[in-house]
Structures are given as structure tokens and as C-alpha cells.
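Q: structure for the following, please:
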Amino acid sequence: MLLNVSSDEDEIYLFERVVSHLQSRYKYLPDDAVELVNAYYANFTNPVFCEKFGIPVQNVDFFCHMEANAMADRIHYYQGLAHIPDERAFIDWQKKFGLDLFGE
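A: As a prediction, the model looks like this:
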């Protein structure tokens with residue numbers, strides 16, 4: 001399965017690292033990790049999806065600011081665990097499991 005994200009080399013590299021973190025931290029199989037990344041990217045860069053939940057559309061600046069570990073946490077939480085977009089709930093989940101808020 002191939003990553004279906006931006007054609008920007010920096011974004012591709014970031015999401016390749018995210019796939020790796022999803023596999024190592026959350027034990028996803030490679031194809032499953034790629035599928036989660038693709039679904040997250042499709043959702044959170046879609047203005048209609050984001051408007052539905054009252055959240056800003058995510059872009060390369062957001063993704064690169066978060067870095068790979070934090071993006072892996074977000075993707076696991078929202079796609080893998082199927083939570084609706086809610087930043088406060090996500091942060092509470094990170095704290096509950098002792099995850100670094102910046103994924104470091």
C-alpha cells in the first residue's frame with residue numbers, strides 16, 4: 001500500500017516516519033499504518049470534514065510543527081481508535097497514557 005499524501009517531499013518523508021512510529025509504538029502492520037495515515041490525511045485536509053467538526057483544515061505547517069511522533073499519536077487516536085475530532089479529549093487521552101504532548 002502506498003502513501004496517498006501530498007507530493008511535497010518533506011511531507012512524504014514526515015508521513016513515512018509517522019508510519020514507522022505507528023508500527024513501533026502502536027504495533028500496526030505496515031499496510032494498516034499506511035491506511036490510517038491516508039485516511040487521516042484525507043479527512044483532516046478536507047474543508048468539508050473540518051467544517052463539520054468546527055476545526056481548522058490541517059496543512060504542511062501543522063504537520064511539520066507536530067512532527068512524526070505526535071502525528072502518530074493523533075492518527076492512532078482519531079483513525080485507529082475512531083474518536084471524533086476533539087482536541088481537548090485528545091490531549092486528555094495523551095495525559096492519561098503519559099504520552100508527551102509533543103510526541104518526543
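
Q: so, low pLDDT: which residues of this protein?
A: 99-104 (pLDDT under 70).

Q: from residue 24, how far out is the residue nearest to residue 68 when sequence neighbours are not counted?
A: With Cβ to Cβ, 6 or more residues apart in numbering as the criterion, residue 68 has its nearest non-adjacent residue at 3.7 Å, and that residue is residue 17. Bear in mind the C-beta positions are built from the backbone N, C-alpha and C, glycine included. Residue 17 sits 10 Å away from residue 24, taking Cβ to Cβ, to the nearest Å as the criterion.

Q: and residue 6, what does it touch?
A: 12, 41, 60 (Cβ atoms under 8 Å, 6 or more residues apart in numbering).

Q: look up phi and psi at it.
A: Note on residue 6: backbone dihedrals following degrees, to the nearest 10 are phi -50, psi 160.

Q: secondary structure element holding the residue most central in space within the chain?
A: In the chain, the centroid-proximal residue (Cα atoms, centre = their mean) is residue 75; its distance is 3.1 Å. In this assignment (DSSP states H and E), residue 75 forms part of helix 60-75.

Q: ok, now how distant is residue 3 from residue 28?
A: Applying Cβ to Cβ to residue 3 and residue 28 gives a distance of 14 Å.

Q: oh sorry, the question was meant for residue 78
A: 14 Å.

Q: give me the nearest residue to residue 36, chain neighbours excluded.
A: That would be residue 79: by Cβ to Cβ, 6+ apart, it lies 4.3 Å from residue 36.

Q: likewise for residue 20?
A: Per Cβ to Cβ, 6+ apart, closest to residue 20 is residue 68, 7.5 Å.

Q: re earlier: the residue nearest to residue 36 reaches residue 42, doesn't it?
A: No. Counting by Cβ atoms under 8 Å, residue 79 stays clear of residue 42, with 10.0 Å between them.

Q: who has more neighbours, those two?
A: The neighbour count for residue 79 versus residue 42, taken as other Cβ atoms under 10 Å, is higher for residue 79 (21 against 13).

Q: contact partners for the more buried one?
A: 36, 39, 40, 43.

Q: out of these, which are inside helices?
A: 36, 39, 40, 43 (DSSP state H).
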